[in-house]
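In: sequence? don't have it. structure:
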């Protein structure tokens, strides 16, 4: 009997231990779920840095619109300054966009902010980047302030990896968080770890497309978008034209495309559909973003790369927001501007210098009884050799450089604006100056094929760019994009019913191989469309569009109601190409024009 009671007590103890373990693991699972949900939508919507100051003099805080930024385009930052002094004060904030902490591209910019006595001020600045951070590289933005009462230092804003970045309005935050946490396609853990979610209220920021530059997606209610003032709605449409996706959340409705003004999209649909689109974007980034430090050139089977990469993989480092519509530069364009290294000439020069400064110098210029002349002849011969080598380099490479530019101009229907994209490759000789003029609202990025830029510094500000955007005796690739005001458009001129369509262009450039895709998907064209002249079109045979724009126009980006044409007379026009360093001689300017063919305006 006693043995049975002892066995029962042991069994009850084991059950109690099992129940306690189950309760522990249940609490642990709940805690992990909360951590994962917090990872999807962290409490601070943006990065905020408090600058260390004397509280009796000033208080300075910096707030970025996004916690993540991949280094392309701009990072919007609110600078808030409280002046506690009895006099007006001026403070300077310097920003530096940094790829890695010990090497990589560093792009500096700064701003000065004046605040009246005993008052506060708030200003939005747009920190320019320099290149897209490669997967595996660490990227951050460093800020430092100086001025009255500043004790020194600053902080870091918007560190990132290559992940999709979303901005949601406060009204949509809970719905998007819930959709991300409950996503069944891979679990909230897999999704939340690879997506940056940020809360951003449009009314807090200026009406400027650069506010949305760090984001891949912006989600807001359709009624919220309609309630915005016209300038802020226009800024969002400009951002979409430059490649962004605006998601107008409508629960219960079918996901559909509401517009594509440029290279981006305006979509309507539920939060769950947005999360699915983010997951697809994440997969696309992983496919097209090379690993940091992986060299992408060489020769071998499988597409010409030693690693067996396809042509698409080799060109991935040249992709940009324009790639949905067109290819600007490819790897073949890059290889065509290889910098020639005169290695044999340099070796022969060093051998000749060794012979002259050695045996010839000793036996001819400084013989046995005049060895003291070596103190004069060796430096003199070294200076002469350096001058001669410099002259040879200048004669061989010349001053300035040469290169090719490719541009895409997308007319925005009804906006009197155009989205302009440009990629250029150049080979430089000796550069006497490296600074050039560039509009502050133009995004500029220097691309590097192998992902490693080395330790270089660039700068932007006050309509100028300086530093190592261009380097002597180097080959460099740049990407630029901006919104340009223009009244240019292509109209569908009125004609007889059933007759071939006729068009009228107000672009300043002559358009070559003009092709129009009508509402039925039929292709119409003309070899040359001059500005200001009503021109009838002829029906084209199937496949003519692909032949006219071989390897440049993306078939998936062709839309009905749009036109496609090359710029004539070298391609240059009022909208493109965008100018950079004046000493580069651009030997090939190719401009591709596209946009919706609009209905003719009334008298």
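Out: Okay, I see it. Note that this is a predicted model, so its numbers are computed, not measured.
In: Okay, now stretch 429-442: how far is its last residue from its first?
Out: Chord length of stretch 429-442, first to last residue, is 26 Å (C-alpha to C-alpha, to the nearest Å).
In: Check stretch 424-438 too.
Out: Across stretch 424-438, first to last residue, C-alpha to C-alpha, it's 15 Å.
In: Give the buried residues for it.
Out: Residues of stretch 424-438 classed as buried: 424-431, 434, 436, 438 (neighbour count, 16 or more other C-beta atoms under 10 Å). C-beta: built from backbone N, CA, C; applies to glycine.
In: would you list every one of the helices in the chain?
Out: Ranges of helices within the chain are 2-40, 170-181, 187-192, 222-227, 230-241, 271-288, 301-304, 311-314, 331-335, 343-355, 374-397, 544-548, based on DSSP state H.
In: Can you tell me, leaving aside adjacent residues, what's nearest to residue 536?
Out: residue 502 (4.5 Å; C-beta to C-beta, 6 or more residues apart in numbering).
In: Contact partners for the one you found?
Out: Contacts of residue 502 were listed using C-beta atoms under 8 Å, 6 or more residues apart in numbering, and they are 492-493, 495, 534-537.
In: Sort out for me which of these are in strands.
Out: Among those, the ones falling in strands (DSSP state E) are 492-493, 535-536.
In: ok, residue 365 - how many residues close by?
Out: Neighbour count for residue 365, taken as other C-beta atoms under 10 Å: 17.
In: Skipping adjacent residues, who's closest to it in space?
Out: Nearest one to residue 365, counting by C-beta to C-beta, 6+ apart, is residue 377 at 4.6 Å.
In: per-residue confidence for the one you found?
Out: You'll see residue 377 listed with a pLDDT of 81.
In: Over to residue 383?
Out: For residue 383, the model assigns a pLDDT of 84.
In: Relative to residue 484, how far out is the nearest residue to residue 483 once chain neighbours are set aside?
Out: Once flanking residues are discounted, residue 483 sits nearest to residue 238: 4.8 Å by C-beta to C-beta, 6+ apart. Distance of residue 238 to residue 484, given as C-beta to C-beta, to the nearest Å: 10 Å.
In: and what of residue 357?
Out: 58 Å.
In: got it, and residue 560?
Out: Residue 560 is 25 Å from residue 484, by C-beta to C-beta.
In: okay, those two: which has more neighbours?
Out: Neighbours were counted for residue 560 and for residue 484 using other C-beta under 10 Å; residue 484 has more, 18 against 12.
In: Provide a list of residues in contact with that one.
Out: 417-420, 575.
In: Over to residue 505?
Out: Residue 505 sits in contact with 488-491, 511, 529-533, 535, where contact means C-beta under 8 Å, 6+ apart.
In: Could you do residue 424 as well?
Out: 329, 403-406, 477-478, 480, 577, 580, 586.
In: Swap in 6 Å and give it another go.
Out: Each residue near residue 424 by C-beta atoms under 6 Å, 6 or more residues apart in numbering is listed here: 403, 405, 478.
In: hey, what's the second one bridged with?
Out: On the basis of DSSP bridges, residue 405 is bridged to residue 424, residue 589.
In: What distance do you get for it to residue 557?
Out: 21 Å.
In: Okay, the residue nearest to residue 536 and residue 481: tell me how far apart.
Out: With C-beta to C-beta as the criterion, residue 502 and residue 481 are 32 Å apart.
In: same check, this time on residue 265
Out: 17 Å.
In: So which of the two has more stuff around it?
Out: residue 481 (25 against 19).
In: What score does that one have for pLDDT?
Out: 96.
In: again with residue 302
Out: pLDDT at residue 302 comes out at 40.
In: And the one 4 residues further on, by the same measure?
Out: According to the predicted model, the pLDDT of residue 306 comes to 49.
In: outside of stretch 364-372, which residues touch it?
Out: 373-374, 377.
In: Show me the domain layout of the protein.
Out: Following automatic domain parsing, the chain resolves into domains at 1-40, 48-160, 165-288, 382-603.
In: who wins for proximity to residue 334 among those?
Out: Residue 334 lies closest, by C-beta to C-beta, to one member of those: domain 382-603, at 5.6 Å.
In: Give me the distance from that closest one to the chain's centre.
Out: 17 Å (C-alpha atoms, centre = their mean, to the nearest Å).
In: one step back: out of the contacts of residue 502, which one has the lowest pLDDT?
Out: At the low end of pLDDT for the contacts of residue 502 is residue 495, which has 56.
In: Determine which residue lies closest to the centroid of the protein.
Out: By C-alpha atoms, centre = their mean, the chain has its centre lying nearest to residue 72, at 3.1 Å.
In: Next, give phi and psi for that residue.
Out: phi -100, psi 150 (degrees, to the nearest 10).
In: Give me the pLDDT for it.
Out: 85.
In: isn't it right up against residue 130?
Out: No. Look at residue 72 against residue 130 with C-beta atoms under 6 Å: they stay out of range, at 8.4 Å.
In: Now do the contacts for residue 50.
Out: Counting by C-beta under 6 Å, 6+ apart, residue 50 has contacts residue 61.
In: I'd like the distance between the nearest residue to residue 466 once chain neighbours are set aside and residue 398.
Out: Nearest residue to residue 466, sequence neighbours excluded (C-beta to C-beta, 6+ apart): residue 435, at 4.1 Å. Plainly put, residue 435 is 20 Å away from residue 398 if you go by C-beta to C-beta.
In: just residue 597 next, same as before
Out: Distance from residue 597 to residue 398, by C-beta to C-beta: 45 Å.
In: just residue 517 next, same as before
Out: Counting by C-beta to C-beta - residue 517 and residue 398 are separated by 45 Å.
In: Check residue 173 too.
Out: Distance from residue 173 to residue 398, by C-beta to C-beta: 57 Å.
In: Which one's more surrounded, the two?
Out: residue 173 (18 against 14).
In: so what's that one up against?
Out: residue 199 are the contacts of residue 173 under C-beta under 6 Å, 6+ apart.
In: just to revisit the earlier point, can you report how many residues neighbour the residue nearest to residue 483?
Out: Residue 238 has 25 nearby residues by other C-beta under 10 Å.
In: ok, now the one 5 residues further on?
Out: The local packing of residue 243 (other C-beta under 10 Å) involves 22 other residues.
In: Which residue is the nearest non-sequential neighbour of it?
Out: residue 321 (2.7 Å).
In: Contacts only, for that neighbour.
Out: Here residue 321 is in contact with 242-243, 263 (C-beta under 6 Å, 6+ apart).
In: pLDDT for the residues you listed - can I get that in a markdown table?
Out: Below are those laid out as a markdown table (pLDDT from 0 to 100):
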| residue | pLDDT |
| --- | --- |
| 242 | 95 |
| 243 | 93 |
| 263 | 88 |
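In: Show the pLDDT at the residue nearest to residue 466.
Out: In this prediction residue 435 is given a pLDDT of 95.
In: My read is that it contacts residue 467, right?
Out: No. When contacts are counted by C-beta under 6 Å, residue 435 is not listed as touching residue 467 (8.3 Å).
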